[in-house]
Structures are given as structure tokens and as C-alpha cells.
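>>> Sequence and predicted model, in that order:
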Amino acid sequence: MAAGIESWLEQVAQAPDEATLTQLRVRVLGRKGVLTEALKTIGSLPVAERAQAGLDSNKHRSTFEAALAARQLELQNQAEISLTPIDVTAPGMRPQLGHRHPVSMVLNELTDVFWQMGYQVVDGPEIETEWFNFEALLVDKDHPARDMQDTFYLKGGNLPRTHTSAVQIRYMMEHKDNLPIRIVAPGKVYRNEDEDARHSWSFYQIEGLVVDQGITVGDLKGTLEAMMRGVLGDNTQIRLRSNYFPYTEPSVEMDATCVVCKGTGKVFQHDCHLCTGTGWLELGGAGMVHPRVLQNVGINADKYSGFAFGFGPERIAAIKYNVPDVREFWRPNFKFLEQF
Ligand code: DAH
């Protein structure tokens, strides 16, 4: 035993828990423990050695017991530290939850309005051919309207679409034998433009297209009004002003009553800052689909007519949430985004 005591002491010092300590106590000090057995052999030692052997055994016993007690205290202290008290009166920590991006919220509100009116929500490729993006929409190579939409051209002649109007053409070609058509197509578009508070080289649009028999400007106006009331509120009025797009005839620009001055143009006798005193906000283009566009995709323009429109959800979101600079939407700025 004398030689073995070191190894037992080491096991005590490394015991991971109190159960292990109890086992060690039994194996050393128990009825059949190694120290107990050693004591029993003392009687058979030569008389001269007995006294010293007895003293040694007692010393080992007390060293071992002290080691057990010390390790037990250590284990108890550790357990207490891991039970650090919880202050139940401390204010809670709000978990950081994400939410939809403000532009997505507006896009969802818009598509919801159309979904309820029986429209399909459809998609198209972001890389287009010149034909879908321009020619089929009557914007020929030398047409001045090509300058209105500065284009990034890719090697080989394709381009990131400059507007979602290209989706009109794709959808009509696919469904020309399956009329009527009622679709909206939200998506990203790209233009080689300098950025400022109202422009960006990449932004969202939402395109709309209806083709059926007997569609009129009245249908277009009613639809646009329902759409604007859906996102800006039930009291919103709209007006259509004459405009020009190659793919619609007649073409219009749609204005909605200003969300700040409610169409009065005045805020406390001053000109409204948002609509600069006009009472109206320019929100997007629209018109009756040009008969030649219908012919381009193989739809009988004598029998069918349609309307189309294109809006910028960033601009609508900027107006709705009073954001002065559309670039703010796409900066990785959580302080800004968390407000919505
Ligand atoms: N494509 C036009 C633009 O990007 C918006 C537009 C105008 C779409 C008239 C239409 C439309 O469908 O009929 O500025």
C-alpha cells in the first residue's frame, strides 16, 4: 500500500464527480479496501516492524481522507459557480427577427390586389434579346425611345432587360391561343444611368397586361385606381395624362393624389414638399396595347384589344414610407431597414 498511495491520491484529485469519490473511498477504506487489507497483515509482520507499519498506515489513511474532503469541496464549489443566479427582474432581450424588405412589402401589396382581381403573377428572364426588349415592342434600332432607356449591352448582343415590358411579349406569344390574358410581372430591370435620389442602375418594376375582347381605356383607369387604392389607401384618386410610348396607343402617364397633402398641394399654407405643390405624384406609364404589338405576337388585333402598364415599386415605397432617397433601400443599413 505504501507504494500505491500516490496513485490513489492522484485518482482522487482527478475525480470528475462525487460518485467517483465514493467509489474510491470504498476501494481504499472499505471493509475490503486496500488500506483495510494492509492493516490486517500488520499482525503477521516481525515484531520490530509492526509499530512503524501501524504508524505508516494511519498516516496514509488521514492523508487519503483529507484528499477526499478537499476534492469534495472543490466539486461543490464548481457546481455552485455554474448555478449563477438569474435576475428575473432584468429587462428581456428582444430576439432579432428579420422581416420583409419595404420594397417587397409594396410588391406583395400590389400583387395581392391583382391576385384578387383574377390576375396571374408571372416571371420572365432578366437577360433578354433585343427583339423581346425592343423590336417586338416597336422600338426599332434607330428609334429615339432607345435613348430613353440607356442599355447595358452584353457581348453577343443580348442585354439585361431595361424594362419588364419584355415579359408582355413572351407571355402573349405563349398564350395567344389561350385568351384572355390577365397578368402582372414583377421583376428587376437594369439601366446604364447615373444614380441619384430618384434613379438607380438597377431597380424593380411591375408590369401589367390584359388582353381580351372589348377592353377599353375605362377598364385601364378602373384597374389602375384599384391598384393605387390598394397600396396608398382608399381615398387615393388617379388621373391619366397623355404621354408617349411606342408600344401603346393611346399612351398615358398615371398620377395619384399626393399622400402628404392629400391632393391639395398645400401643407400649412406652404407648397407640399413631396408633390411640389401640384397635389399629384407621377407614378407610372400605361396605355392601350398597340395593335401592331398584338400582330407581332400573332394575336388578331381586329378582335382583341388590351391595356398595359409599368410601375416602379421603389418609387411607390419611397412615397408611402416617406423615404427621400431610393438608394437607401439597397444599402446594407439595418438602422434604416429595421424601421419598417
Ligand atoms: N416600360 C415603361 C418604362 O420602363 C413603362 C411602361 C409604360 C410599361 C407603358 C407599359 C406601358 O406596359 O404600357 O418606362
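Yep, it's here. Residues are numbered from 1 along each chain as shown.
>>> what's the weakest-modelled helix or strand in this structure?
Least confident element among the helices and strands of the chain, by mean pLDDT, DSSP states H and E: helix 145-148 (a mean of 69).
>>> Next SSE downstream of it?
Per DSSP states H and E, the first helix or strand lying C-terminal to helix 145-148 is strand 159-160.
>>> does the ligand sit close to that following strand?
No - against the ligand, strand 159-160 shows no contacts by C-beta under 6 Å from any ligand atom, the least distance being 13.3 Å. The way it works is simple: take the backbone N, C-alpha and C, and place the C-beta from them, glycine included.
>>> What are the contacting residues of that strand?
Contacts with strand 159-160, where a contact means C-beta atoms under 8 Å, 6 or more residues apart in numbering, come from E126, I127, E128, T129, E130, N133, T151, F152, Y153, L154, V189, Y190.
>>> what do you get for stretch 232-246?
With C-beta under 8 Å, 6+ apart as the criterion, stretch 232-246 contacts 137-139, 143, 145, 217, 220-221, 224-225, 228-229, 250-257, 259, 262-263, 280, 285-287, 290, 316, 319-320.
>>> so E253 bridges to which residues?
Note on E253: beta-bridge partners by DSSP bridges are R241, G285.
>>> Contacts only, for it.
E253 sits next to L240, R241, S242, N243, E282, G284, G285, A286 when contact means C-beta under 8 Å, 6+ apart.
>>> among the residues you listed, which ones are buried?
Buried members of the contacts of E253, counted by 16 or more other C-beta atoms under 10 Å: L240, G284, G285, A286.
>>> so how far is stretch 311-323 off the chain centroid?
Its chain's average C-alpha position is 18 Å from that of stretch 311-323, according to C-alpha atoms, centre = their mean, to the nearest Å.
>>> Do you have the helices of this structure handy? List them.
5-14, 18-29, 34-40, 47-82, 102-116, 130-133, 145-148, 165-175, 217-232, 291-296, 313-320, 334-337 (DSSP state H).
>>> For my notes, please list these in JSON lines and give distance to the ligand and mean neighbour count for each entry.
Shown next, in JSON lines, are those (distance: least, C-beta to the nearest ligand atom, whole Å; neighbours: other C-beta atoms under 10 Å):
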{"stretch": "helix 5-14", "distance to the ligand": "75", "mean neighbour count": "14"}
{"stretch": "helix 18-29", "distance to the ligand": "76", "mean neighbour count": "15"}
{"stretch": "helix 34-40", "distance to the ligand": "92", "mean neighbour count": "15"}
{"stretch": "helix 47-82", "distance to the ligand": "63", "mean neighbour count": "13"}
{"stretch": "helix 102-116", "distance to the ligand": "14", "mean neighbour count": "18"}
{"stretch": "helix 130-133", "distance to the ligand": "10", "mean neighbour count": "19"}
{"stretch": "helix 145-148", "distance to the ligand": "7", "mean neighbour count": "14"}
{"stretch": "helix 165-175", "distance to the ligand": "4", "mean neighbour count": "22"}
{"stretch": "helix 217-232", "distance to the ligand": "9", "mean neighbour count": "19"}
{"stretch": "helix 291-296", "distance to the ligand": "10", "mean neighbour count": "17"}
{"stretch": "helix 313-320", "distance to the ligand": "11", "mean neighbour count": "22"}
{"stretch": "helix 334-337", "distance to the ligand": "26", "mean neighbour count": "12"}
